[in-house]
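In: Predicted model and sequence below, questions to follow.
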Amino acid sequence: GAPVAIEVSQVRAGARPQVEVVAHARSHTSAIRDGVAAAVTRMLGLERDLEPFYRIARSDSVLAGMAERGRGMKPPRFASIFEAFANAVACQLVSLSAGLHVLNRVSDAYGAAVEVAGAAMRSFAQPSRLVHASEDDLRALGMSRAKGRYLIDLARRALDARDPDFASIGALADADASARMCAIRVGGRWNAEHVLLWGFVRLN
């Protein structure tokens, strides 16, 4: 029921890279530790097996060096499918930078607050708070009325107890998942493929 701040650092490089995770929470129960482990694994793609990629890279003179320098890095993803959708909607503004500034303002208004070592932090905007926003509220933060309407609708859908955080889409093939997302009016094929990549890690 309270936000947890997560700090991740790489502590070992080379063939067996390692990261250290520190959780800043009001209490440290096994449920919180398991939740933090699951979130970090999801966001950093730690469960992905990249050996097939490394095999391909070894036979390419340019890719081989880059793959070795980035060894251990996995395809990342957003913490939730809702966050991937929100990024897709907002980052179709004039520039990526403008979209991220708008998302930061939305998170300042609708995220959960937490303090770590005297520094105030905010989580990404929470669907449970965004469903109570109006198009005018989001327009004041830099979103158009249409994008504000999309975001509020996406927040409502993310909270649907029958399909929490769009879980049913994860079981679909790429083409079917893309069609489903286009049907819920997320802004077209580009947005759907953005969410497939950064939310569901569909690498193709």
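Out: Structure's in. What do you need?
In: show me the contacts for residue 91.
Out: For residue 91, the contacting residues are 99-100, 103, 194, by C-beta atoms under 8 Å, 6 or more residues apart in numbering. Backbone N, C-alpha and C define where each C-beta goes, glycine included.
In: of those residues, closest to residue 47?
Out: In terms of C-beta to C-beta, no member of the contacts of residue 91 lies closer to residue 47 than residue 194, at 21.6 Å.
In: Neighbouring strands - and their directions - for the helix or strand bottoming out on mean pLDDT in the chain?
Out: Within the chain, confidence by mean pLDDT, DSSP states H and E is lowest for strand 113-116 among all helices and strands, at a mean of 86. Sheet pairing here is set by DSSP bridges, and for strand 113-116 it gives strand 119-122 (antiparallel).
In: got a list of contacts for stretch 157-170?
Out: 80-82, 85, 127-128, 131, 177, 180-181, 184, 199-200.
In: Next: stretch 189-201.
Out: Counting by C-beta under 8 Å, 6+ apart, 45, 48, 75-78, 80-81, 83-85, 87-89, 91-92, 166, 169-170, 174, 177-178, 181-182, 186, 202-203 sit against stretch 189-201.
In: gap between it and the chain center?
Out: 11 Å (C-alpha atoms, centre = their mean, to the nearest Å).
In: Quick check: the farthest pair among the contacts of stretch 157-170?
Out: Top of the distance list for the contacts of stretch 157-170 (C-beta to C-beta): 128 and 177, 24.7 Å.
In: Not counting sequence-adjacent ones, nearest residue to residue 72?
Out: Spatial nearest neighbour of residue 72, excluding adjacent residues (C-beta to C-beta, 6 or more residues apart in numbering): residue 17 at 3.2 Å.
In: Give the burial count for that neighbour, as a bare number.
Out: Look at residue 17: counted by other C-beta atoms under 10 Å, it has 13 neighbours.
In: Now do the helices in the chain.
Out: Counting by DSSP state H, the chain has helices at residues 30-44, 51-58, 61-69, 81-90, 96-110, 127-130, 135-139, 145-158, 174-183, 189-198.
In: And those helices: which comes nearest residue 11?
Out: Proximity to residue 11 (C-beta to C-beta) singles out helix 30-44 among the helices of the chain, at 13.7 Å.
In: elements contacting the closest one?
Out: On a contact count with 3 or more C-beta pairs under 8 Å, 6 or more residues apart in numbering; DSSP states H and E, helix 30-44 meets strand 5-12, strand 18-24.
In: Tell me which of the ones you listed lies nearest to residue 121.
Out: For residue 121, the closest of the helices and strands packed on helix 30-44 is strand 5-12, at 5.8 Å, according to C-beta to C-beta.
In: by how many degrees do the closest one and strand 18-24 diverge?
Out: Per axes from the mean of the first three to the mean of the last three C-alpha atoms, to 10 degrees, the angle that strand 5-12 makes with strand 18-24 is 160 degrees.
In: Parallel or antiparallel, list what pairs with strand 5-12.
Out: strand 18-24 (antiparallel).
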